[in-house]
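Q: what follows is a protein structure lacking sequence information:
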């Protein structure tokens with residue numbers, strides 16, 4: 001994460017299919033059309049310090065189907081909290097989908113995650129933890145240890161971190177309600 005060097009994302013960027021992934025394995029814009037799901041960034045554009053890196057963050061390879069309620073609400077607030085933590089010190093962040101229960105597909109091709117996670121490792125504190133959010137209309141989140149995340153997601157996101165550190169969850173910063181600039185009228189309002 002680029003931390004203090006990150007700049008606000010240019011809203012003129014648009015999602016696009018990644019040409020480095022074969023067409024059969026890649027999501028397409030049509031998959032999202034009328035699906036009821038947002039294209040949820042895994043690595044948010046606002047975390048990158050150059051316009052080119054921000055543009056590249058709009059590859060569909062960096063997105064999963066997310067409920068608009070969480071993508072535009074609690075997930076955005078978690079991204080803001082982690083970005084704020086990165087401005088205060090070195091952190092490593094891994095974000096991804098979790099698939100629990102019966103498989104659900106968007107457009108018959110793209111799996112819809114049951115949850116999304118954002119794992120954070122702060123080397124100076126020798127601490128790790130993860131946020132988990134259900135991919136529905138509920139805006140609640142919870143935090144878990146990396147050991148718990150590994151059991152839930154089936155992947156060890158920080159394999160080089162000792163197991164003793166992974167077993168305890170660091171106190172993660174609370175999601176930050178942020179100000180949003182609304183195009184209609186240009187007033188700044190509390191976002192959620």
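A: That came in fine, so what should we check first? It should be emphasised that the depicted structure is a prediction, and the values quoted were computed from it without experimental measurement.
Q: for this structure, which spans come out with low pLDDT?
A: Within the chain, the segments meeting pLDDT under 70 span 1-12, 178-192.
Q: tell me where the chain has strands.
A: Secondary structure of the chain by DSSP state E: the strands cover 38-41, 63-66, 92-98, 105-106, 110-111, 115-122, 127-134, 141-144, 179-181, 188-190.
Q: measure the residue nearest the centre of the chain to residue 118 for me?
A: Nearest to the mean C-alpha position of the chain, counting by CA atoms, centre = their mean, stands residue 42 at 3.7 Å. Distance, residue 42 to residue 118, by CB to CB, to the nearest Å: 9 Å. (Each C-beta comes from the backbone N, C-alpha and C, glycine too.)
Q: then residue 175?
A: 10 Å.
Q: looking at these two, which one has more neighbours?
A: Per other CB atoms under 10 Å, whichever of residue 175 and residue 118 has more neighbours is residue 118, with 26 against 21.
Q: beta-bridge partners for that one, please?
A: residue 95, residue 131 (DSSP bridges).
Q: thinking it is in contact with residue 93, fair?
A: Yes - between residue 118 and residue 93 there is a contact under CB atoms under 8 Å: 6.4 Å.
Q: which residues do the two both contact?
A: Residues touching both residue 118 and residue 93 by CB atoms under 8 Å, 6 or more residues apart in numbering: residue 82.
Q: this protein: helices as residue ranges?
A: Taking DSSP state H, the helices of the chain run over residues 29-32, 51-56, 68-71, 74-88, 146-153, 163-166.
Q: what's the longest one packed up against?
A: This means helix 74-88. The contact analysis (3 or more CB pairs under 8 Å, 6 or more residues apart in numbering; DSSP states H and E) places helix 74-88 against strand 115-122, strand 127-134.
Q: can we see that at 10 Å?
A: Here helix 74-88 touches strand 38-41, helix 68-71, strand 92-98, strand 115-122, strand 127-134, strand 141-144, going by 3 or more CB pairs under 10 Å, 6 or more residues apart in numbering; DSSP states H and E.
Q: where's it relative to the chain centroid, distance-wise?
A: 10 Å (CA atoms, centre = their mean, to the nearest Å).
Q: in it, what's buried?
A: The neighbour-count check on helix 74-88 (16 or more other CB atoms under 10 Å) flags 74-83, 85-86 as buried.
Q: need the max-distance pair from those.
A: Maximum pairwise distance among the buried residues of helix 74-88 (CB to CB): 18.7 Å, between 74 and 86.
Q: can you tell me how far residue 173 is from residue 39?
A: Here residue 173 is placed at a distance of 25 Å from residue 39 (CB to CB).
Q: these two: who's more crowded?
A: residue 39 (19 against 15).
Q: surely residue 30 meets residue 107?
A: Yes - Residue 30 lies in contact with residue 107 (CB atoms under 10 Å); the separation is 7.0 Å.
Q: more neighbours: these two, which one.
A: Shown here are residue 30 and residue 107; by other CB under 10 Å, residue 107 has more neighbours (16 against 11).
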